[in-house]
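A.B. asks: how would this look folded up:
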Amino acid sequence: LIPGHIHLDKIGQAVKAGIRSAGGVPFEFQTIGVCDGIAMGHAGMRYSLPSRELIEDSIEIMAQAHQLDGLVMIPSCDKIVPGHIMAAGRLNLPTVVVTGGPMLPGFACDQELDLINVSESWMAGGETLPFLEEHACPGAGSCAGLFTANTMACMTEALGLSLPGCATIHAVDARKIRIAKRSGTRIVELVNRQIAARDIVTEKSIENAIRVDMAIGGSTNTVLHMPAIASEFNLDLDLVTIDRISRETPHLVNLRPGGPHHLIDLDRAGGIPAIMSKLASKLNLDALTVSGRTLGEEIATFKPVNPKTNAEVIASLDHPVHAEGGIAILYGSLAPEGCVVKQTAVSAAMLKHEGPAKVYDSEEDSMAGIMAGQIKAGDVVIIRYEGPKGGPGMRETLAPTSAIAGAGLSESVALITDGRFSG
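C.D. replies: Numbers count the residues shown, from 1 in each chain. The predicted structure follows:
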């Protein structure tokens with residue numbers, strides 16, 4: 001069902017080969033998963049966020065019922081990665097994570113593409129739409145931009161739960177198979193040394209992961225997932241901490257959907273090790289990783305394979321893309337307890353905006369209004385009753401934003417919702 005998962009069986013085979021070569025005995029089981037791209041824009045999206053806890057529970061049941069000694073997790077896509085990491089925290093077994101890897105960008109109309117190009121072009125119409133539909137998503141892997149799945153993969157690596165480079169190695173790259181086999185050998189070593197998940201994920205490593213998230217301009221959904229992950233590791237993470245780290249951390253790489261680069265560009269520039277190398281002065285370098293070495297020791301060995309690409313794609317601390325990180329926490333009469341905005345993806349002209357409110361009580365109502373031409377430049381679109389209870393399920397309301405962008409209004413219309421967004 002899920003394009004991001006069609007190759008995971010091959011990764012699993014490589015992991016099992018690594019386990020056997022290190023003297024272990026592998027067993028394999030699966031969890032459920034929801035493709036947000038397929039579930040988008042209809043009632044099916046109500047089931048996506050709740051699936052996170054079901055995934056976590058199913059992993060706990062299987063691991064505890066069969067008394068497994070350790071886990072190699074092979075997740076991909078939006079709620080599946082955080083569901084796995086939450087299970088790692090709850091179980092506290094030796095754990096290594098091999099995320100499935102991004103999809104390559106498509107190419108049509110003389111540009112690199114991802115799923116958002118199709119969504120936005122659908123509203124605009126035109127003769128190029130069939131080309132985009134055919135070419136935007138060319139194969140296995142999680143959607144090619146820095147949406148939730150790839151953001152969470154990057155944060156998993158920054159937490160120390162994946163081997164260096166894992167997050168941005170693409171699904172169809174042979175390096176993914178190699179790192180999967182190495183992860184299989186590593187889990188046997190972690191089991192033998194009894195290094196468990198909570199030895200890796202600590203307050204220091206969570207702060208590292210949040211800082212990396214801000215530097216890469218990750219998905220706003222991390223504000224939902226990281227506190228839930230922290231809780232399963234018996235740690236606290238609140239909005240104040242996330243906002244503080246963002247204000248301290250410059251935005252270093254401008255990735256889709258907010259910027260021009262795709263994940264393949266970040267991977268060629270050195271991936272998360274390259275980001276952490278540039279952030280070294282702001283990171284907790286004594287944090288342990290599943291490699292058996294500290295973050296500082298890993299960073300000390302990093303050398304970019306493509307130095308020119310590294311310099312072109314990843315900015316320096318002295319000359320960042322933006323002075324602050326990707327996410328900001330806002331407070332006001334509409335959100336007295338806080339709300340989230342991906343500030344690095346907002347046009348400078350829209351950072352301060354005042355206009356008439358157009359209020360809709362569901363995603364469907366908002367889409368009907370947008371398609372009917374009810375939204376004009378200067379408006380503020382409010383979509384309410386799409387939260388965890390009101391939705392129910394806190395649906396991802398990507399269609400209205402794509403429709404607004406497709407209508408050429410992204411530079412002049414604001415959108416506020418109690419729902420959520422990826423990217």
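A.B. asks: in this structure, which helix or strand is least confident?
C.D. replies: Least confident helix or strand, the chain: helix 115-124 with a mean of 81, by mean pLDDT, DSSP states H and E.
A.B. asks: quick one: buried residues of the next helix or strand after that helix?
C.D. replies: Using DSSP states H and E, the helix or strand that follows helix 115-124 in sequence is helix 129-135. Within helix 129-135, the residues scored as buried using 16 or more other C-beta atoms under 10 Å are 131, 132, 135. In short, each C-beta sits where N, CA and C put it, glycine included.
A.B. asks: between those residues, which sits nearest residue 182?
C.D. replies: residue 135 (33.4 Å; C-beta to C-beta).
A.B. asks: show the end-to-end separation of stretch 97-115, please.
C.D. replies: End-to-end distance of stretch 97-115 (C-alpha to C-alpha, to the nearest Å): 26 Å.
A.B. asks: what are the buried residues along the host helix or strand of residue 107?
C.D. replies: Counting by DSSP H and E, the element that carries residue 107 is strand 106-108. Neighbour counts over strand 106-108 (16+ other C-beta under 10 Å) mark 106, 108 as buried.
A.B. asks: who touches the residue lying closest to residue 1 once chain neighbours are set aside in this structure?
C.D. replies: Of all residues not flanking residue 1 in the chain, residue 35 sits nearest, at 6.1 Å (C-beta to C-beta, 6 or more residues apart in numbering). Residue 35 is in contact with 1, 2, 3, 4, 77, counting by C-beta atoms under 8 Å, 6 or more residues apart in numbering.
A.B. asks: quick one: residue 35 and residue 371, what's the gap?
C.D. replies: Between residue 35 and residue 371 the distance, using C-beta to C-beta, to the nearest Å, works out to 24 Å.
A.B. asks: same thing with residue 39?
C.D. replies: Counting by C-beta to C-beta - residue 39 and residue 371 are separated by 20 Å.
A.B. asks: neighbour count for these two, which is higher?
C.D. replies: residue 39 (18 against 13; other C-beta atoms under 10 Å).
A.B. asks: ok, how many other residues are close to the nearest residue to that one once chain neighbours are set aside?
C.D. replies: Leaving aside its chain neighbours, residue 39 sits nearest to residue 45 (4.7 Å; criterion: C-beta to C-beta, 6+ apart). Other residues lying near residue 45 total 25 when counted by other C-beta under 10 Å.
A.B. asks: and the pLDDT for residue 45?
C.D. replies: pLDDT for residue 45: 93.
A.B. asks: and if you look at residue 94?
C.D. replies: pLDDT recorded at residue 94 is 99.
A.B. asks: can you give me the helices in the stretch 51-200 of the chain?
C.D. replies: With DSSP state H, counting those that start in this stretch, the ranges of helices along the stretch 51-200 of the chain come out as 80-91, 115-124, 129-135, 148-159, 174-193, 197-200.
A.B. asks: need the ones you listed in TSV with distance to residue 289, can you?
C.D. replies: Below are those laid out as TSV (distance: least, C-beta to C-beta, whole Å):
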stretch	distance to residue 289
helix 80-91	14
helix 115-124	32
helix 129-135	38
helix 148-159	9
helix 174-193	10
helix 197-200	7
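A.B. asks: mind giving me the ChimeraX select for the contacts of residue 35, buried ones only?
C.D. replies: Of the contacts of residue 35, the buried ones can be selected in ChimeraX as follows, counting by 16+ other C-beta under 10 Å:
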select :2,3,4,77
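A.B. asks: let me know the closest of the contacts of residue 35 to residue 283.
C.D. replies: Set against residue 283, the nearest of these by C-beta to C-beta is residue 77 (27.4 Å).
A.B. asks: could you measure from the residue lying closest to that closest one once chain neighbours are set aside over to residue 54?
C.D. replies: Spatial nearest neighbour of residue 77, chain neighbours left out: residue 4 (4.3 Å); criterion: C-beta to C-beta, 6+ apart. Residue 4 sits at a distance of 18 Å from residue 54 (criterion: C-beta to C-beta).
A.B. asks: coming back round to it: return the residues in contact with the residue nearest to residue 77.
C.D. replies: Residue 4 sits next to 35, 76, 77, 100, 103, 140, 141, 142, 143, 149, 171 when contact means C-beta under 8 Å, 6+ apart.
A.B. asks: quick check: residue 70 touching residue 191?
C.D. replies: Yes. Residue 70 is in contact with residue 191 according to C-beta atoms under 8 Å; the separation is 4.3 Å.
A.B. asks: more neighbours, these two?
C.D. replies: Counted by other C-beta under 10 Å, residue 70 and residue 191 do not tie: residue 70 has more neighbours, with 23 against 20.
A.B. asks: next one: the more buried one from residue 26, what distance?
C.D. replies: Counting by C-beta to C-beta, the gap from residue 70 to residue 26 is 10 Å.
A.B. asks: before we move on, what about residue 184?
C.D. replies: 7 Å.
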